[in-house]
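Participant: Below: sequence and its predicted model.
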Amino acid sequence: MAQTNLLSPPSTISPPTALQLSQKAPRIIANPPTSSLPWPLSLLFSAETPEAWVTHENALYACLRTHDDAAARQLLDRLSARFGESNERIITLRGIYEEATAKNNGELEVVFKKYEDILKQDPTNFGVRKRRVAVLKSLGRTSDAITALTMLVESSPTDLEAWAELGEMYAKVGEWARAIWCAEEVLLVMPNSWSAHAHLATLHYLSTQSSPHLAPLNLSLKNFARSIELNDSYLRGYYGLKLVCQKLIPLLSESSSVSKRNQDEDGPPPNLETVKKLEELATSKLAEIVRRYQPGTKEWQGYDGAEVIAARELLNRDANTER
Amino acid sequence: MTLLQTAPKKQTLAQIRQQRSLVRGINLRTNANTLSPSSFQARKAYMVSAYQEGKFLADPEGRGKPRPNPMSDPAAMEGMMGMMKGNMAMMVPQTLIMGWINAFFSGFVIMKLPFPLTPQFKSMLQSGVGTRDLDVRWVSSLSWYFLTLFGLQPVYNFILGSNNAANQVTQQMGQVNPGAGLMGPEQDPDKLFLNEAENLEVLEHRWILDGVEDRLLARTAG
């Protein structure tokens, strides 16, 4: 994983790092990037860079996550002093601040009303539209959130975030076909993203979890394989590949004569030999990752600890059933 | 200072939708090979019919009508005025400065370049000096003014901020708006949509995931 600092996007930051980042806030507050000198001199002495403001914004997120509301307020005030109260980003940031400091659902409703008013004046403020969805989500109104999101992707159909979020929501309520559609939409914008492929594969896999069918499992297998092809040290890809193969092997061996019949338009079902080989590959790779992660070899530390533990569990379960 | 700066023009929601829907179609066309055949067919059918019906148009009533004359369209007029304003803000001071330099310093030779040059540079470096036999390395004041004029952009940016009006010309040449090349004011969005629908229709779909298992096995084996 890349080094986390205040310039990277906030979604990839784990809770301990967020705490660490928010502890840097006092230092940021103490050093304003704009100079207090009058105009011609301020040009020469200001240390204002675009990075400074990105740092401010990310520090603001980190502070809100760690409940350092006072520091967050100061950062927000400084941002709005620099960019103006009516700047779209600032409106969104203020909304985030108000959401984070809202103590109960009643206060969240107030924030929600405010968003509605802003959107009535300027329906093109996509930041606020997304925040509105987020409020609906935290109020637990999932179906309203889904409606709002469909409106959002309707008017901005290339918005990756919105499609991904809509996919999540559909997956949550169990509408697999729609969730898959959304995941494919994400893939169309980022065709080489291995995580998007793995996500799509996961959705295909989950959609058929209760009663295994060949076609979705086949798609799932292909997508997991593709995600590994794009990134051959992708733990989730191997993990998923192994799970899918475990489901596919009994299905293929019992219906080997039937498989000719239900040929579907997305290509023939995979061959049993190939699936077995793929499972071996996934198992050996997972075992390698688990083995190398433990002694703390530096190049193998990029994995998420929880994911490695899950992989080890899977391998152990596998070993137990074989015995 | 703020008077000289021009804010980017706001688009309406319908225009954003129109433009991004077109981009979505282009995305579908360029990245179609990541989709399975069945979902690609479903998408293609949807997009093509929506494009042909003009579902994403910002102005569905104006479909098929010719473009209005830009001179009578107030929105286009405003854009042109903005351009004029930007140009004037740059032209006026420069005309003044040039006139001043021409009046006071014409004929002055102010520097000598430290390297030799071929005679072709004479017209570039010695404007305002009528001496035929003067070495090309001598630079006249007027030429020096022109040279610095085009080299002073970073200085302007430093003093006026990077979005200043004196900078407008370069910006207009490099075109700021990402969608502008795609859907300029002179292009009919309906035509673009129909064109894209046709492109999608004739697209030959090849699934990149076909045989990915064998590729993967072959790679790890080899």
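Facilitator: Done, it's in. Numbers count the residues shown, from 1 in each chain, chains lettered A, B, ... in the order given.
Participant: got the residue ranges for the strands in chain A?
Facilitator: Using DSSP state E, the strands of chain A do not appear at all; there are none.
Participant: If you count residues, where's the longest helix of it?
Facilitator: As far as residue count goes, and with DSSP state H defining each element, the longest helix of chain A is helix A:272-293.
Participant: Check which residues of that helix are buried.
Facilitator: Of the residues in helix A:272-293, A:274-275, A:277-279, A:281-283, A:285-287, A:289-290, A:293 count as buried by neighbour count, 16 or more other CB atoms under 10 Å in any protein chain shown. In short, each C-beta sits where N, CA and C put it, glycine included.
Participant: ok, which of the residues you listed also contact chain B?
Facilitator: Judged by CB under 8 Å from any CB of the partner chain, the overlap between the buried residues of helix A:272-293 and the neighbourhood of chain B comprises A:Thr274, A:Val275, A:Lys277, A:Leu278, A:Leu281.
Participant: now A:Arg65, nearest residue through space, not along the chain?
Facilitator: A:Ala18 (4.7 Å; CB to CB, 6 or more residues apart in numbering or on different chains).
Participant: Correct me if wrong: the one you found contacts A:Thr66.
Facilitator: Yes: counting by CB atoms under 8 Å, A:Thr66 is a contact partner of A:Ala18 at 5.9 Å.
Participant: any idea how far B:Pro116 is from the spatially closest residue to B:Val129 that is not a sequence neighbour?
Facilitator: With CB to CB, 6+ apart as the measure, B:Ser140 is the residue that lies nearest to B:Val129, at 4.4 Å, once sequence neighbours are left out. Taking CB to CB, to the nearest Å as the measure, B:Ser140 falls 17 Å from B:Pro116.
Participant: Neighbour count: those two, which is higher?
Facilitator: When B:Ser140 is set against B:Pro116 and neighbours are counted by other CB atoms under 10 Å in any protein chain shown, the residue ahead is B:Ser140, at 22 against 8.
Participant: if I look at that one, how far off is A:Leu221?
Facilitator: Relative to A:Leu221, B:Ser140 is positioned 76 Å away (CB to CB).
Participant: Can you name the element that comes right after the helix or strand of chain B with the lowest mean pLDDT?
Facilitator: Evaluated with mean pLDDT, DSSP states H and E, the helix-and-strand set of chain B has its lowest mean pLDDT in helix B:168-174, which scores a mean of 48. Moving toward the C-terminus from helix B:168-174, the first helix or strand encountered (DSSP states H and E) is helix B:189-202.
Participant: Up against chain A, what does chain B have?
Facilitator: In this structure, chain B approaches chain A at residues B:10-13, B:16-17, B:20-21, B:23-24, B:27-28, B:31-39, B:43, B:158-159, B:207-210, B:212-217, B:219-220, judged by CB under 8 Å from any CB.
Participant: Among those residues, which lie within helices?
Facilitator: Under the assignment DSSP H, the residues of chain B next to chain A contribute B:13, B:16-17, B:20-21, B:23-24, B:27-28, B:37-39, B:43, B:158-159, B:212-217, B:219-220 to helices.
Participant: how close does A:Lys222 sit to chain B?
Facilitator: Distance, A:Lys222 to chain B, using CB to the nearest CB, to the nearest Å: 4 Å.
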